[in-house]
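[1] pasting a predicted model and its sequence here:
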Amino acid sequence: MAHPVAKITRLLPDGYGGKRESSFAGKTAAPVADRSKIIGFPGVPNFMPDDKEHRRQMAQAINGLRQGKMNVTKAITLNAGATTTTLTDGRIGVTTCIVPSMPTTQNGATALLAGIWITNIVTGSCMINHASSANIDQNIRFLIIG
């Protein structure tokens, strides 16, 4: 499916009573993401031809952020009988902070108390290190920030 793009041509007030060309003039807007593939709360495209709709979406996103809807969590089940679990997520970059934040099962709480640390952080994934356990329900939510 082709993504819609728009050519940006806009004049902005220059602060001196005249107009100046936008710094984006002549550039092509980034494609609008296919919202059916977004996990969590939808983002806002950088540019939309309809200014009113763009402002509405920005206000909706900002209000969502103020209510704690930040798209920064990921639920993981640790691998049973292993000491590592790979966390794969497009939000992970080499400077991302990945924090085990909330166990959602008793065995997840036990695993968290036994110790969890993160290694091998690369774009798109990291390694979660943990104690080996035969339990198949070691469920923990992680924060993915930055």
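    Sure thing, it's come through.

[2] against residue 54, how distant is the spatially most central residue of the chain?
    Closest to where the C-alpha atoms of the chain average out (C-alpha atoms, centre = their mean) is residue 91, at 4.7 Å. Distance of residue 91 to residue 54, given as C-beta to C-beta, to the nearest Å: 23 Å. Backbone N, C-alpha and C define where each C-beta goes, glycine included.

[3] my guess is residue 109 contacts residue 100. True?
    No - look at residue 109 against residue 100 with C-beta atoms under 8 Å: they stay out of range, at 10.6 Å.

[4] more neighbours: which of those two?
    residue 100 (20 against 15; other C-beta atoms under 10 Å).

[5] check what pLDDT the more buried one gets.
    Note for residue 100: predicted pLDDT of 96.

[6] what kind of secondary structure is it in?
    Secondary structure for residue 100, judged by DSSP: H, G, I helix; E, B strand; the rest coil, is strand.

[7] check residue 75 too.
    strand.

[8] so the closest residue to the residue nearest to the centre of the chain other than its chain neighbours versus residue 124, what's the distance?
    Spatial nearest neighbour of residue 91, chain neighbours left out: residue 144 (4.9 Å); criterion: C-beta to C-beta, 6 or more residues apart in numbering. Using C-beta to C-beta, residue 144 is found at 11 Å from residue 124.

[9] that's all I had, so thanks and see you.
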